[in-house]
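Colleague: this is a predicted model, with the sequence first.
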Amino acid sequence: MRRTLGVILLGLFGLVAPAQAERPNVIVIFTDDQGYGDLSVHGNPILQTPNLDKLHGESIRFSNFHVAPVCTPSRGELMTGLYALRNKASMVPAGRNLMRRDVVTMPEVFAANGYATGLFGKWHLGDTYPHRPMDRGFERVVWHKGWGLASEIEYDNDYYYTRYLDEMEVKYSDRFCANLWFDKAMEWMDEQIETERPFFTYIALNTPHSPFHSLEKDFAKYKDKVDDPLVAHFFGLISNIDQNYARLDKWLMEKKIRDDTLIVYMNDNGTSRGERIYNAGMRGKKGSGYEGGHRAICFIRWPSGNFGAPRTIDYASHITDLLPTFVDLFDFKLPQTAFAFDGLSLKEALSNPEGSFGDRKLIVQFGSRHRPTKYYRSCVVWDHWRLNGEGELYDINRDPGQENDVSSQFPQITAELKAHYDDYWASIEDSIEVVEPVVIGHDFEPYTDLTCNNWVEVDFENQRRVAGGNSMGGIWQIEAEKAGKYKVQLSRWPFHMNRSLTDKGPATTIGGIPIDPGRAFPIVAGSLSIDGGAPIVAQANPGGTDVELHIEIEAGRHTLQGWFHDKTGEKLAGAFYGRVEKL
C-alpha cells in the first residue's frame, strides 16, 4: 500500500475545495473504554448489543485493528494520522496531552474539502486556545473538558444532569450524557442536510468510562447476571450506546442518507471493566501493551461505497490509518508537507475483496503516566507476530493469550521487529523532552486556565486525587504570546465552583451523586515561581476563593509553579488550579 503524505490545510491559503456530490457524509463514533470483547457479536456471554451486532453484519470489519492502550494517545492518533509520541499528545496526565500545533487534523482536512465539521462529546486534546476543538478544525462543537465528567477540570459534573459547553457557552441538560451527544449531533446534521452540505461528524462518547453511572433501566438488565455491580453498570453503559446507535441508524434511514453516509464505529483502548467477564481470549486490558490493551473494534459501513459484501479483514491496521484512508478514498486535493502520515491508506483493503495486501509492521505505544520511555508497554505488530517491550515475542495465531514467549525460538524475527521499533524510536527521540505548552496572553480567550493535569511529569488528573490533595505539584509549561504584566490566580478548587480556599470540596455532583469531599487545607497564602526562580508570595483574603499575584512575563516559553502555604509559611500542597490573564 502506498504511503500518503500529510497535508497543509488548504483554507490557510484560501484554497478551500468545493464539495463534491459523490463524496459521502462521514460519521465517526468513538467509544471510551469499551474493549474488543465488549460486544455480543464478539462472543461476550452476558452483554447484549443487537444493534451494533447488526452494524457488524453490514460492515467491513478490521479484526487486526489497533489503537493506543489509553485514550488521549488514541484520539491524537485518530486526528493526525501520526503516532502519539510524534504528534505529542502521548498520555492522559502529566502535561503531555496536547497535539503539536504544526500538524494538520482530520477536521481541518474535511473542512478544506468543503465539509461541515462537528464534534459532539469528548475531545480530550486541549481545553484552552489554541488546542480547543474549534481551534483544530471543528466548526460546530458541543463538548466537555478533560478526560470525562469526573476529571480534574469537570470535577462535579454528572452523567444524568450534564453540564456541557456549546462552543464556549456553559449549558446544562437533564438528558443522560451519551443521549445528549447523539441528540445534538443529529440536530446539527439535520441542518447540514437542509443546506445540502456534506458533513463530517465526530461523536466521541465519554462512556462506558468510569465512574460507571448507567441509566437504571440499563443497569437492571445486568445487575442479576454479574457479581460486580460496576460491571453491571459498565455493560449498562454499552447497552445505552447500542440503543443510541440504533436511533442514529433509524434517523439516517428517515433522512434518506443512509446509503450515502460512511460510518466508522470504534473504541479508543482496551476494556476497563469487561475483562472480568470476557476478553476475547486476550491478555491485558486498558493500559496494557499486550493485545487486550490495544486490539480494537473497527467497523466501516458505506452502502453506496462499492466495498463489496460485508467481510472480516485480518490485515494489520491502525487508528492512524483512518485519516490517510479518507484522503485517498475521497480523492481530497491536498498539498504535501514534511510530515508523512505514520498510517497507511486502507482504500485497497476496503475496495478489493480479493486483494492481497502484503505484510506490514506498526507501532503501539503511549507515553506512560509521567514521561515517555523507550519500550514502555510498547508493541510491534507484524501480521500475527507481537514484539512486546524489548524482547518478548508472541505468535497470536498459536497463542492468542500471549502466554508463551517464543523469542528464543525465532531470534531473527525478534531482531527484525526490534530493529523496526528502534528505527521508530530514533525518529522521535530528539523530541521527547519537548512538551507542547499551554499558550497565554492571546486575544482568543479573556484568560487561560491551568490545572493539575497540566503539571509536567506529575500524574494528577481526576476529582478523587484533587479531593485528597496529596501532592506538591509540578511545573506548568507555558508560552506567552505577548510580554507584559499578568495576573495569576491560584485556587484549591476548579474556578467554576467558586469555592473557598479553606473549604472541603462538594459532597455531591451537580446532579446529586455522592463524591468524596476530600481535605480542607488551612491556606493563608500562595506562592508562584517563574522559570524556577525564587517564589513570590501573596496573602489570601479570608474566605477568598483564590490567591492573586501579579508578575512580569517575557514573550516565549516559560515554566510556572504554584503552592499553598499555612500561617507558618510551610507548603501545604501544590496549587491545583491556576488562571492567567494578560493585564
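Modeller: It's in.
Colleague: which residues of the stretch 251-400 of the chain score low on pLDDT?
Modeller: The stretch 251-400 of the chain contains residues with pLDDT under 70 at 335-338.
Colleague: please enumerate the strands of it.
Modeller: Assigned by DSSP state E, counting those that start in this stretch, the stretch 251-400 of the chain shows strands spanning 261-267, 295-296, 298-301, 311-313, 317-318, 336-340, 361-364, 379-382, 385-388, 392-395.
Colleague: ok, Gln477 to Leu82 distance?
Modeller: With distances taken as CB to CB, to the nearest Å, Gln477 is found 20 Å from Leu82. In short, each C-beta sits where N, CA and C put it, glycine included.
Colleague: those two: which has the busier surroundings?
Modeller: Leu82 (25 against 21; other CB atoms under 10 Å).
Colleague: keeping just the C-alphas, turn stretch 65-72 into CSV.
Modeller: C-alpha atoms of stretch 65-72 as CSV (Å, rounded to 0.1, in the frame of the first residue of the first chain):
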residue,chain,number,x,y,z
PHE,A,65,-7.0,-3.2,14.2
HIS,A,66,-5.0,-1.4,16.9
VAL,A,67,-5.2,1.7,18.9
ALA,A,68,-3.2,3.1,21.8
PRO,A,69,-3.7,1.5,25.2
VAL,A,70,-5.2,4.7,26.7
CYS,A,71,-7.5,7.4,25.4
THR,A,72,-5.6,10.7,24.7
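Colleague: could I get the average pLDDT for it?
Modeller: Averaged across stretch 65-72, pLDDT comes to 98.
Colleague: pull out the buried residues from that stretch.
Modeller: The neighbour-count check on stretch 65-72 (16 or more other CB atoms under 10 Å) flags Phe65, His66, Val67, Ala68, Pro69, Val70, Cys71, Thr72 as buried.
Colleague: among the strands of the stretch 251-400 of the chain, which comes closest to Asn279?
Modeller: strand 295-296 (10.0 Å; CB to CB).
Colleague: what does the closest one rub up against?
Modeller: Residues from elsewhere that reach strand 295-296 (CB atoms under 8 Å, 6 or more residues apart in numbering): 36, 64-67, 266-270, 280, 282, 319.
Colleague: please apply the same query to stretch 500-515.
Modeller: 150, 155-161, 163, 172, 211, 213, 463, 466-467, 491-493, 497, 499, 516-523, 540, 543-547, 564.
Colleague: need the buried ones from these selected in ChimeraX.
Modeller: Applying 16+ other CB under 10 Å to the contacts of stretch 500-515, the buried members can be selected in ChimeraX as follows:
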select :150,155,156,157,158,159,160,161,163,211,213,463,466,467,491,492,493,497,499,518,521,523,540,545,546,547,564
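Colleague: next step: the contacts of stretch 500-515 restricted to helices.
Modeller: Counted as lying in helices by DSSP state H, out of these, are Gln463, Val466, Ala467.
Colleague: got JSON lines for those, with pLDDT and distance to Thr508 too?
Modeller: Output for the ones in helices among the contacts of stretch 500-515, formatted as JSON lines (pLDDT from 0 to 100; distance: CB to CB, whole Å):
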{"residue": "Gln463", "pLDDT": "97", "distance to Thr508": "12"}
{"residue": "Val466", "pLDDT": "98", "distance to Thr508": "16"}
{"residue": "Ala467", "pLDDT": "98", "distance to Thr508": "12"}
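Colleague: picking that back up, among the buried residues of stretch 65-72, which pair sits farthest apart?
Modeller: Across the buried residues of stretch 65-72, the longest distance by CB to CB is 18.8 Å; it joins Phe65 and Thr72.
Colleague: re the thing from before, of the ones in helices among the contacts of stretch 500-515, closest to Gly569?
Modeller: Among these, Val466 lies closest to Gly569 (CB to CB), at 23.5 Å.
Colleague: contacts only, for that closest one.
Modeller: Val466 touches Glu152, Tyr155, Cys452, Phe460, Trp493, Gly505, Gly518, Phe576, counting by CB under 8 Å, 6+ apart.
Colleague: rerun that using 10 Å as the cut-off
Modeller: Contacts of Val466 were listed using CB atoms under 10 Å, 6 or more residues apart in numbering, and they are 151-153, 155, 451-453, 460, 492-494, 505, 516, 518-519, 573, 576-577.
Colleague: how close does it get to Ala419?
Modeller: In terms of CB to CB, Val466 sits 44 Å off from Ala419.
Colleague: what does Ser317 give?
Modeller: From Ser317 to Ala419 the distance is 22 Å (CB to CB).
Colleague: tell me which of those two has more neighbours.
Modeller: More crowded of Ser317 and Ala419, by other CB under 10 Å: Ser317, with 25 against 12.
Colleague: max-length strand in the chain?
Modeller: Longest strand in the chain by number of residues, with DSSP state E as the criterion: strand 556-565.
Colleague: strands paired with that strand, and their directions?
Modeller: In its sheet, strand 556-565 lies beside strand 476-480 (antiparallel), strand 525-530 (antiparallel), strand 571-574 (antiparallel), with partners assigned from DSSP bridges.
Colleague: C-alpha coordinates for it, CSV please?
Modeller: Extracted in CSV, the C-alpha atoms of strand 556-565 (Å, rounded to 0.1, in the frame of the first residue of the first chain):
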residue,chain,number,x,y,z
GLY,A,556,8.2,33.0,24.7
ARG,A,557,8.3,29.7,26.7
HIS,A,558,8.5,29.6,30.5
THR,A,559,7.6,27.5,33.4
LEU,A,560,5.3,28.4,36.3
GLN,A,561,4.8,26.5,39.6
GLY,A,562,2.4,27.4,42.4
TRP,A,563,2.0,26.3,46.0
PHE,A,564,-0.3,27.0,49.0
HIS,A,565,1.1,27.8,52.5
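Colleague: buried ones in it?
Modeller: So for strand 556-565, counting by 16+ other CB under 10 Å, buried means His558, Thr559, Leu560, Gln561, Gly562, Trp563, Phe564, His565.
Colleague: which ones are touching the fourth one?
Modeller: In this structure, Gln561 makes contact with 455-456, 472-476, 527-532, 535, 574-575, 578, judged by CB under 10 Å, 6+ apart.
Colleague: return the distance of it relative to Val456.
Modeller: Distance, Gln561 to Val456, using CB to CB: 10 Å.
Colleague: for these two, list the residues in contact with both.
Modeller: Residues touching both Gln561 and Val456 (CB under 10 Å, 6+ apart) are Gly474, Ile475, Trp476.
Colleague: now render these as TSV, adding neighbour count, distance to Asn113 and pLDDT.
Modeller: Output for these, formatted as TSV (neighbours: other CB atoms under 10 Å; distance: CB to CB, whole Å; pLDDT from 0 to 100):
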residue	neighbour count	distance to Asn113	pLDDT
Gly474	20	41	98
Ile475	22	40	98
Trp476	24	37	98
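Colleague: alright, I will stop here.
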